[in-house]
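Q: Pasting a predicted model and its sequence here:
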Amino acid sequence: MRNSLKTILFLSSFSPTLLALAIVRYFISGADLLFYQLVSVFVLGLILFALIFKLIIKQGETVNFKAKKVESTDYFLVVFLAAYTAPVIMRMVELNFEIISLILGLLMVALWVMPYIPSHPLMYLLKYKFYKVESDSGVVYTLISKRNIRDPKTIKEVKLISNSMLMEK
């Protein structure tokens, strides 16, 4: 179950990209079927993000955690910003819903087996930050937190998202 949450959470991070693609499509062809498909998948991604995020906060398993090292991974957001601006820059690219669906399907399979997810841009809007933390036993996790963490000793309790992802309580 946790891998499915992690995978869906990550796929939802592409929702803003689909909105950018829908806007580009609108400027190319107007409000056609592909435009509405892209907007629909964008809205579905937002809904999934909100549901999973709420589920993690309200029902996630809370565990005590001792970290010995912490490192910010906010620089991954640059990758997503490039993904959002790329459709606008390459406005003349013809969009194909089947190809986009195939690529998202392949991403889903790859993400299922990946232990980590990169930064989620929708979480940045909610003021969450991403960190790479090492537990006192030497295991490395991705930690999502609302606060700026400078000292690993200040991390006390976390919620489990997957085997490699945590959210600070």
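A: Thanks, I have the structure now. Numbers count the residues shown, from 1 in each chain.
Q: what's the longest helix seen in the chain packed up against?
A: In the chain, taking DSSP state H as the definition, the longest helix is helix 33-59. Judged by 3 or more C-beta pairs under 8 Å, 6 or more residues apart in numbering; DSSP states H and E, helix 33-59 is in contact with helix 2-12, helix 15-29, helix 97-113, helix 121-125. Quick note: C-beta positions are derived from backbone N, CA and C, even for glycine.
Q: Report the inter-axis angle for the second one versus helix 33-59.
A: I take that to be helix 15-29. 170 degrees (axes from the mean of the first three to the mean of the last three C-alpha atoms, to 10 degrees).
Q: packing partners for helix 15-29?
A: Counting contacts by 3+ C-beta pairs under 8 Å, 6+ apart, helix 15-29 packs against helix 33-59, helix 77-89, helix 121-125.
Q: Check those helices for me: which has the lowest mean pLDDT.
A: For the helices and strands packed on helix 15-29, the weakest mean pLDDT is recorded on helix 77-89, namely a mean of 59.
Q: returning to what we had before: give me the buried positions along the longest helix of the chain.
A: By 16 or more other C-beta atoms under 10 Å, the buried positions in helix 33-59 come out as 34-35, 37-39, 41-42, 45-46, 49, 52-53, 56.
Q: quick one: which of the residues you listed is nearest residue 15?
A: residue 45 (3.1 Å; C-beta to C-beta).
Q: Report the angle between the longest helix of the chain and helix 2-12.
A: Using the same axes, to 10 degrees: helix 33-59 against helix 2-12 is 140 degrees.
Q: Pretty sure residue 129 sits against residue 70.
A: No. Residue 129 lies out of contact with residue 70 (C-beta atoms under 8 Å); the separation is 10.7 Å.
Q: what's the overlap in contacts for those two?
A: Common contacts of residue 129 and residue 70 (C-beta atoms under 8 Å, 6 or more residues apart in numbering): residue 149.
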